[in-house]
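> Have a look at this prediction, sequence included:
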Amino acid sequence: MKLVLTIVSVFLSFSFASNVDWGFFGHRKINKMAVLTLPQEMLGFYKKNIEYITEHAVDPDKRRYALKNEFARHYIDVDHWDTIPFNNVPRRLDQAVMKFGKLVCYQGEDTLTYSINEDQRSDFYKKLIYEYRYDTSVPIDDIGAFETEPKIDCETVVFENMMVQYGILPYFLEDFYKRLVWAFEKEDSKSILKISADIGHYIGDAHVPLHTTENYNGQLTGQTGLHGFWESRLPELFAEDSYDFLVGKADYISDMRPYIWDIITESHRLLPDVLRLEKELSQEFPKDQQYCFDERLERTIRTQCPEYAKAYHESMGTMVETRMQDAILAVGSFWYSAWIDAGQPNLNSLDKTDLTEKEIKAIEALENSVRSGAI
């Protein structure tokens, strides 16, 4: 349902090509500027492939229309589980899956829900869940080894992975980082670039306050469309002319898990102001000056007027700019840290990567899925 609502809000509040996550502009800018944070040993390879890194920054958004459960990788509704500092939310995926997951027993028209007790969690995860940890639900054919009270006796038992249903962004980022380390170890230039571009996207998402809440589009507070307003409309109107994207040099991240969760926590800490300031402005600003019509991709769309957007932007001070700056530095630091953890392979021997005919066709198929809206 969340995926469907997100897609609907895209068309209601802004054009598709510029209203998913940071918008195509934002994600591309973040990845491109992250290249400039890298040390000389990495800079040559990434600069040779900066066009690829930039253009493919938006691939994860496109995959929402083609890949099962891709949507869950872009957010975590962490306020569904807890409040800052989120001590109730396990930082390890297996622990979170087991803590919040449920066994649902279907017996005719009746359903019963069971939790998995503490003693059963580790064994259950290893035997039945690990390969499905990113699936929303998993049918269990034989659950006899897991004693429950009352005893489960039903036609079908399904494990409901509640983490996927409420987002897995920080967990997926940690897994994806390991993939990047592997790509550097193998000196596989195509994998390095593909994973670098993708991971830049997910890191960018983690820096958006609305990617950390159930109220992801302002729909729970009468602010539907806020998602695209904050992270697409504002950067597109103001970033190019007024933001400073030179953020310094990438840092080595010695402990990736708390680093990722610090990003999530800081994004969520900003959420109350994101919501409050727009709500107050909408009540004060003339109603007939809040929304205008614009031409995008041969389509007339309804979007926030420049004057209204400017007022909202100014009310938040440097918040949007700072989150983009932090995202740029984090992306570069992820790339740099993965290279260090892989043993600092010599990237100068890696050539500029050209796509094969098969890869080009795969990209074209993805683009067609986006245009058709096929989910």
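Done, it's in.
> which residues in the stretch 201-350 of the chain form strands?
Applying DSSP state E, counting those that start in this stretch to the stretch 201-350 of the chain gives strands spanning 291-296, 299-304.
> As a markdown table, these with mean pLDDT would be great.
Formatted as a markdown table, the strands of the stretch 201-350 of the chain follow (pLDDT from 0 to 100):
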| stretch | mean pLDDT |
| --- | --- |
| strand 291-296 | 81 |
| strand 299-304 | 83 |
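> could you redo the ones you listed as JSON lines and give each row distance to His56 and mean neighbour count?
(Glycine included, C-beta is placed from N, CA and C.) JSON lines is the format used below for the strands of the stretch 201-350 of the chain (distance: least, C-beta to C-beta, whole Å; neighbours: other C-beta atoms under 10 Å):
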{"stretch": "strand 291-296", "distance to His56": "22", "mean neighbour count": "12"}
{"stretch": "strand 299-304", "distance to His56": "25", "mean neighbour count": "17"}
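> can you redo those strands as CSV with distance to Pro209?
As requested, these are exported to CSV (distance: least, C-beta to C-beta, whole Å):
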stretch, distance to Pro209
strand 291-296, 22
strand 299-304, 17
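> out of the ones you listed, nearest to Ile76?
Of all these, strand 299-304 sits nearest to Ile76, with 26.4 Å by C-beta to C-beta.
> gap between stretch 317-328 and the chain center?
Relative to the chain's own centre, stretch 317-328 is displaced by 16 Å; criterion: C-alpha atoms, centre = their mean, to the nearest Å.
> Using CSV, write out the CA atom coordinates for that stretch.
Output of stretch 317-328 as CSV, limited to C-alpha atoms (Å, rounded to 0.1, in the frame of the first residue of the first chain):
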residue,chain,number,x,y,z
GLY,A,317,17.3,28.1,7.2
THR,A,318,20.0,25.9,5.7
MET,A,319,18.4,22.5,6.5
VAL,A,320,18.0,21.2,2.9
GLU,A,321,21.4,22.4,1.9
THR,A,322,23.1,20.9,4.9
ARG,A,323,21.4,17.5,4.4
MET,A,324,22.6,17.5,0.8
GLN,A,325,26.1,18.5,1.9
ASP,A,326,26.1,15.7,4.6
ALA,A,327,24.9,13.2,2.0
ILE,A,328,27.7,14.1,-0.4
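> For that stretch, buried residues please.
Neighbour counts over stretch 317-328 (16 or more other C-beta atoms under 10 Å) mark 319-321, 323-328 as buried.
> So which of those belong to helices?
The helices, defined by DSSP state H, take in 319-321, 323-328 from the buried residues of stretch 317-328.
> Pick the one among these closest to Cys292.
In terms of C-beta to C-beta, no member of those lies closer to Cys292 than Val320, at 20.0 Å.
> so what's the closest one up against?
230-231, 234-235, 238-239, 313 (C-beta atoms under 8 Å, 6 or more residues apart in numbering).
> Identify, from these, the entry nearest to Leu173.
Nearest to Leu173 among the contacts of Val320, with distances taken as C-beta to C-beta, is Glu231, at 17.7 Å.
> correct me, but the closest one touches Val208?
Yes: with contacts counted by C-beta atoms under 8 Å, Glu231 reaches Val208, the gap being 5.1 Å.
> one step back: need the ones in helices among the buried residues of stretch 317-328 in TSV (columns: distance to Tyr166 and pLDDT).
Converted to TSV, those look like this (distance: C-beta to C-beta, whole Å; pLDDT from 0 to 100):
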residue	distance to Tyr166	pLDDT
Met319	25	97
Val320	25	96
Glu321	29	97
Arg323	22	97
Met324	26	96
Gln325	28	97
Asp326	24	98
Ala327	22	97
Ile328	28	97
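> Nearest to Phe293 among those residues?
Checking these against Phe293 by C-beta to C-beta gives Val320 as the nearest, at 23.8 Å.
> can you give me the strands in the stretch 1-150 of the chain?
102-107, 110-114, 137-140.
> picking up where we left off before, which of Glu231 and Val208 has more residues huddled nearby?
Per other C-beta atoms under 10 Å, whichever of Glu231 and Val208 has more neighbours is Glu231, with 28 against 25.
> How much space separates the more buried one from Gly218?
Between Glu231 and Gly218 the computed distance is 12 Å (C-beta to C-beta, to the nearest Å).
> same question, Lys194
Separation of Lys194 from Gly218 (C-beta to C-beta) stands at 33 Å.
> Same question for Tyr259.
Separation of Tyr259 from Gly218 (C-beta to C-beta) stands at 29 Å.
> longest single helix anywhere in the protein?
helix 256-284.
> That one packs against which elements?
Contacts defined by 3 or more C-beta pairs under 8 Å, 6 or more residues apart in numbering; DSSP states H and E place helix 256-284 against helix 169-186, helix 189-206, helix 226-228, helix 306-315, helix 319-341.
> okay, those, which one's buried deepest?
Each of the helices and strands packed on helix 256-284 was scored by mean neighbour count; the highest is helix 226-228, a mean of 26, by mean count of other C-beta atoms under 10 Å.
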